[in-house]
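Trainee: Generate a structure from the sequence data that follows.
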Amino acid sequence: MRRVALITGASSGIGLALTNLLLETSDEISVVAVCRDRSNLVDLLLRFSERLNIVEADIATENGRNDLCDLITSVKKIEFLVHCAAIVTPLGPLENTNYIEWKTCQQTNVDAPVFLTLKLLNQLSHSRVLFLTSDTTLQAVYGAASYCVSKMALHMAYACLKTEISPEKAVFGLVAPGNVDTPMQKRIRMTDPEDLPIAMVMKKAYEENQFLSPQIVASYISRLLLCLPSDEFESKCWNIYEDIKQA
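Mentor: This is a model prediction of the structure:
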């Protein structure tokens, strides 16, 4: 029986790279790739039609999470649950932030991973659940309040789930990729520096080739999922950027 990995945000960035890597790494792994637009996954589906199940669902909403769960009832056990889906918008000063956009950010970055995990508990057994944050140490960033708040909340949500859920169901991991060359990072660089001063810093870092590739990050994550003992997997927030840069 194949091991099943469910990956959210699977159509771009780290999620897409991890989906591709797991499918290429082992014939014994199947992937449920969750996304809002499957277009970037069509080529993978042609290559791995027997082991790739693409589910289009807006997991930021309760209806979307319900739809996803209804579509994967045939999956008896999810070995790996990886929460890659996230958005960085809205960007700009808090006083100009639209509440609907703020709420969408929190629903995508916090509600989705928490409540999807809870909905899937019956399909978890000695499984691994992995949350993606940004940095190990979080701090306020002018113009990115919504994203910063969501990631701080995610850290606590991860800690609460780890405290409350039995390891016989799942062990919980947290990784901080740092600066990665993804569409989200491009969105940051393209933002007006008056709204987001760090945009200039990110643009300079990109020009100096300081970002990690999604493929390198995916390789690191796959080792966490496939190779580490459970107690080590959940022992800390894994600082991917620093670990790779120091290697």
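
Trainee: residues contacting the residue nearest to the spatial centre of the chain?
Mentor: When C-alpha atoms, centre = their mean is applied to the chain, the residue found nearest the centroid is residue 84 (1.4 Å). Neighbour list for residue 84: 7, 8, 9, 10, 13, 14, 15, 18, 132 [criterion: C-beta atoms under 8 Å, 6 or more residues apart in numbering]. From N, CA and C alone the C-beta is placed, and that goes for glycine too.

Trainee: got it, and residue 57?
Mentor: By C-beta under 8 Å, 6+ apart, the neighbours of residue 57 are 34, 36, 64, 65, 67, 68, 71.

Trainee: Low-confidence stretches in the chain?
Mentor: 247 (pLDDT under 70).

Trainee: Tell me where it has strands.
Mentor: Using DSSP state E, the strands of the chain run over 3-8, 29-35, 52-56, 80-83, 127-132, 170-176, 237-239.

Trainee: Could I get the ones you listed in CSV, plus columns for mean neighbour count and distance to residue 96?
Mentor: What follows is the strands of the chain, written out as CSV (neighbours: other C-beta atoms under 10 Å; distance: least, C-beta to C-beta, whole Å):
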stretch, mean neighbour count, distance to residue 96
strand 3-8, 24, 29
strand 29-35, 25, 30
strand 52-56, 18, 32
strand 80-83, 26, 29
strand 127-132, 25, 27
strand 170-176, 23, 28
strand 237-239, 18, 31
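
Trainee: could you dump the ones you listed to a markdown table with distance to residue 138?
Mentor: Formatted as a markdown table, the strands of the chain follow (distance: least, C-beta to C-beta, whole Å):
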| stretch | distance to residue 138 |
| --- | --- |
| strand 3-8 | 21 |
| strand 29-35 | 25 |
| strand 52-56 | 30 |
| strand 80-83 | 17 |
| strand 127-132 | 13 |
| strand 170-176 | 9 |
| strand 237-239 | 10 |
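
Trainee: Please identify which of these is closest to residue 45.
Mentor: Judged by C-beta to C-beta, the one of those that comes nearest to residue 45 is strand 52-56, at 5.5 Å.

Trainee: where's the nearest residue to residue 138 once chain neighbours are set aside relative to residue 140, distance?
Mentor: Of all residues not flanking residue 138 in the chain, residue 152 sits nearest, at 5.3 Å (C-beta to C-beta, 6 or more residues apart in numbering). According to C-beta to C-beta, to the nearest Å, residue 152 and residue 140 sit 9 Å apart.

Trainee: Could you pull out the buried residues of the helix ranked longest in the chain?
Mentor: Longest helix in the chain, counting residues (DSSP state H): helix 145-164. Judged by neighbour count using 16 or more other C-beta atoms under 10 Å, the buried positions of helix 145-164 are 145-151, 154-155, 157-158, 161-162.

Trainee: and if you look at stretch 34-47?
Mentor: By 16+ other C-beta under 10 Å, the buried positions in stretch 34-47 come out as 34, 35, 40, 41, 44.

Trainee: likewise stretch 120-127?
Mentor: Neighbour counts over stretch 120-127 (16+ other C-beta under 10 Å) mark 120, 123, 124, 127 as buried.

Trainee: show me where the protein has helices.
Mentor: Using DSSP H, helices in the chain cover 13-25, 42-47, 62-71, 99-106, 112-119, 145-164, 183-189, 198-207, 214-227, 230-233, 240-246.

Trainee: Would you mind finding the most buried of those helices?
Mentor: Of all the helices of the chain, helix 13-25 has the most neighbours on average by mean count of other C-beta atoms under 10 Å, namely a mean of 23.
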